[in-house]
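Novice: Sequence plus the predicted model coming up.
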Amino acid sequence: MPADTTAPPAPRPPRPRRWRRKLLIVAALLLLALIALRWVSRPSQVSWIVLGQAGKALGLEITASGASEYRLRGTPMLEVRDLVAREPGAATPLLRAERVYLSLPWSTIRAAGAALDVERVELDAPQLDIAALQRWLATRPPSSEPLRLPSLSDGLRVTRGRVGGAGWSIDDIAVAIAELHPDRPARGRLQGRVQSSGVQVPFDLAATLQRPAAARGLGLAGRVAVEAKDWKLPTRIRLGALLHAGDDGLGLDRTRLAAQARYRAGDTDLPFAFGLFAPLRYRDGQVSLAPLGAAVRGAGVMPNFDAAGRFAFGETMQLQLDGRLAAWPDAWPSLPPPLGQSQSPLPFVLDYRGAADFSGDTALQLRRDQTRFDGRFRLPEMLQWVDAGAQGALLPPLSGTLSTPKIEVSGASLEGVEIEIEQDDPPPTSAPTP
């Protein structure tokens, strides 16, 4: 049988169109990958993603218009500038900051919120608006879970900070904490300046926190001063308390304050010591100490007294004290007999409501034995009288009613006396002659 010499059919060459299509798809994918890599490699785009996700979780609009930087090698880091955070549609930002720096390990990123381990946080010139913060907090859903605080292995630094409230602010805030851990003591330094109604209160304090949690101990020590237009009160303090957070506000429980102070006005320099015991609360723009226990110990013209009462500071200052002077200071002008011969203490009730520099009227009730005074005075004028001592006027600069069963004046004995005291108003300042 003859052999089959027919050749098999030659294979068809690949279709050019199919290969071209595959090449175009691969090229397009490579191009998209390069574009995406270029887009993600720009720090502004990375910060936009991160801030957008953070804002979505918090219900805030968070933007950063300044230059941004980030790092993925080693410990990831993100740095943004000109940050603004606000409620959607709100005119007033809740927070502004010139610069925010955040570094955190990969383990925290992979945990997706299960771990809050952060390496370091830095804030330059942050500005916090208390009213906007309170409005935002009111929109947050309630949570039964306890507050979780992050750990900061390399600490926290805040410079040139500001907190603004209704009629008051804390400026030039500086905070330095070397390390923060939820289960370890924390130590740091706090600096700043409180300003309200013409009064400034600069402070520079070393702080120790037993643990960053409610009902844990807090210790403060350092310098605090109260500075008004015509006088200053530099003070060195030591404070111990327990942190408090509840429906009645934020604050401190079992606050114990011991201080060494000096009242300075012109040539006057009066040293004294005082102590306070009270819970401290901040709520709805007001700081309060109530119920309050106070003790003052001085020498010379400074009186010694113990009192109970309350203190509040918001749009105005309020101080109520119910206590007693241990004795009439020897450096004060002598009281006429028989008041001057009595060794009885002098119970008093004091009530002030006005500006933070105590320039307004203070109501005063003062008793010794059967003698009673009910009137008003102004603290700056009273301090001038106290400083004058024996060289000053016999009666202090106050207005009111004095009643006593007996008083001796210039050798004459008067009984059933009631005296109305009126303090002369200062003469008006005359206009300069043209």
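Specialist: Received it, and whenever you're ready, just let me know what you need.
Novice: check contacts around the residue sitting nearest the centre point of the chain.
Specialist: Centrality entry for the chain: nearest residue to the mean C-alpha point is Ile170, 6.3 Å, by C-alpha atoms, centre = their mean. Residues in contact with Ile170 (C-beta atoms under 8 Å, 6 or more residues apart in numbering) are 161-163, 192-195. In short, each C-beta sits where N, CA and C put it, glycine included.
Novice: so it bridges to which residues?
Specialist: Here Ile170 sits in beta bridges with Val163, Val194, going by DSSP bridges.
Novice: same deal with Ile419?
Specialist: Leu402.
Novice: what about it, how many neighbours?
Specialist: Neighbours of Ile419 under the rule other C-beta atoms under 10 Å: 13.
Novice: That one and Gly400 touch, don't they?
Specialist: No - taking C-beta atoms under 8 Å as the definition, Ile419 is not a contact partner of Gly400, at 9.2 Å.
Novice: quick one: low-confidence parts of the protein?
Specialist: Applying pLDDT under 70 to the chain flags the ranges 1-50, 52-53, 112-114, 143-148, 386-392, 394, 424-434.
Novice: quick one, helices of it?
Specialist: For the chain, the helices defined by DSSP state H cover 16-40, 43-58, 106-111, 130-139, 379-388.
Novice: nearest to Gln365, of the contacts of Ile170?
Specialist: Val194 (31.1 Å; C-beta to C-beta).
Novice: wouldn't the closest one be in contact with Phe203 here?
Specialist: Yes - using C-beta under 8 Å, Val194 is in contact with Phe203, at 7.4 Å.
Novice: contacts for stretch 286-293?
Specialist: Stretch 286-293 has contacts (C-beta under 8 Å, 6+ apart) with 255, 276-282, 306-314.
Novice: Tell me the buried residues in that stretch?
Specialist: Residues of stretch 286-293 classed as buried: 286-289, 292 (neighbour count, 16 or more other C-beta atoms under 10 Å).
Novice: repeat for stretch 338-354
Specialist: 338-339, 342, 345-352, 354.
Novice: Tell me the one among those residues nearest to Glu122.
Specialist: Out of the buried residues of stretch 338-354, the member with the shortest distance to Glu122 (by C-beta to C-beta) is Gly354, at 40.8 Å.
Novice: With adjacent residues omitted, what lies nearest to that closest one?
Specialist: Closest residue to Gly354 apart from its sequence neighbours, by C-beta to C-beta, 6 or more residues apart in numbering: Gly360 at 2.6 Å.
Novice: For Glu61, give the beta-bridge partners.
Specialist: Here Glu61 sits in beta bridges with Arg86, as judged by DSSP bridges.
Novice: which residues does it contact?
Specialist: Counting by C-beta under 8 Å, 6+ apart, Glu61 touches 55, 84-88.
Novice: From those residues, pick the one nearest Gly249.
Specialist: Glu87 (21.7 Å).
Novice: What number of neighbouring residues does that closest one come out with?
Specialist: Neighbours around Glu87, by other C-beta under 10 Å: 17.
Novice: Report the separation between it and Leu137.
Specialist: 11 Å (C-beta to C-beta, to the nearest Å).
Novice: Which of the contacts of stretch 286-293 fall within strands?
Specialist: Among the contacts of stretch 286-293, the ones falling in strands (DSSP state E) are 255, 276-282, 306-313.
Novice: out of the residues you listed, which one sits closest to Leu133?
Specialist: Looking across the ones in strands among the contacts of stretch 286-293 and measuring by C-beta to C-beta, the closest to Leu133 is Tyr282, at 12.1 Å.
Novice: picking up where we left off before, ok, which pair from the contacts of Ile170 is furthest apart?
Specialist: Between any two of the contacts of Ile170, the greatest separation by C-beta to C-beta is 13.7 Å, found for Gly161 and Gln195.
Novice: Narrow the contacts of stretch 286-293 to just the buried residues.
Specialist: Listed as buried from the contacts of stretch 286-293 are 255, 276-282, 306-307, 309, 311-314; burial here means 16+ other C-beta under 10 Å.
Novice: Which one (most neighbours) among the contacts of Glu61?
Specialist: Neighbour counts for these peak at Ala85, which has 23 neighbours (criterion: other C-beta under 10 Å).
Novice: one step back: and the contacts of Glu61, which two are furthest apart?
Specialist: The farthest-apart pair in these, when distances are taken by C-beta to C-beta, is Val84 and Pro88, at 12.6 Å.
Novice: returning to that earlier point: and the residue nearest to Gly354, how far is that from Pro93?
Specialist: Gly360 is 35 Å from Pro93, by C-beta to C-beta.
Novice: Between the two, which is the more surrounded one?
Specialist: For Gly360 and Pro93, the more surrounded residue by other C-beta under 10 Å is Pro93, and the numbers stand at 20 against 15.
Novice: I'd assumed Asp129 was in contact with the more buried one.
Specialist: Yes - counting by C-beta under 8 Å, Asp129 is a contact partner of Pro93 at 6.7 Å.
Novice: can you give me the strands in the stretch 201-350 of the chain?
Specialist: 217-227, 232-246, 249-265, 268-283, 286-298, 305-313, 317-325, 346-354 (DSSP state E, counting those that start in this stretch).
Novice: Direction included, what does the longest one pair up with?
Specialist: This means strand 249-265. If you go by DSSP bridges, strand 249-265 pairs up with strand 232-246 (antiparallel), strand 268-283 (antiparallel).
Novice: which among the ones in strands among the contacts of stretch 286-293 gets closest to Asp154?
Specialist: Tyr282 (29.6 Å).
Novice: Spit out the contact partners of the closest one.
Specialist: Under the criterion of C-beta under 8 Å, 6+ apart, the contact list for Tyr282 reads 249-251, 288.
Novice: same check, this time on Leu58
Specialist: Taking C-beta under 8 Å, 6+ apart as the test, what Leu58 contacts is Ala85.
Novice: now Ser342: how far from Pro303?
Specialist: In this view, Ser342 and Pro303 are 16 Å apart by C-beta to C-beta.
Novice: so where do the strands sit in the stretch 51-200 of the chain?
Specialist: Along the stretch 51-200 of the chain, counting by DSSP E, counting those that start in this stretch, strands occupy 61-64, 69-71, 77-86, 95-103, 117-118, 120-124, 127-129, 151-152, 156-165, 168-177, 186-196, 199-209.
Novice: Kindly reformat those as CSV containing distance to Ser334.
Specialist: Formatted as CSV, these follow (distance: least, C-beta to C-beta, whole Å):
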stretch, distance to Ser334
strand 61-64, 68
strand 69-71, 73
strand 77-86, 64
strand 95-103, 60
strand 117-118, 66
strand 120-124, 59
strand 127-129, 54
strand 151-152, 62
strand 156-165, 47
strand 168-177, 42
strand 186-196, 39
strand 199-209, 34
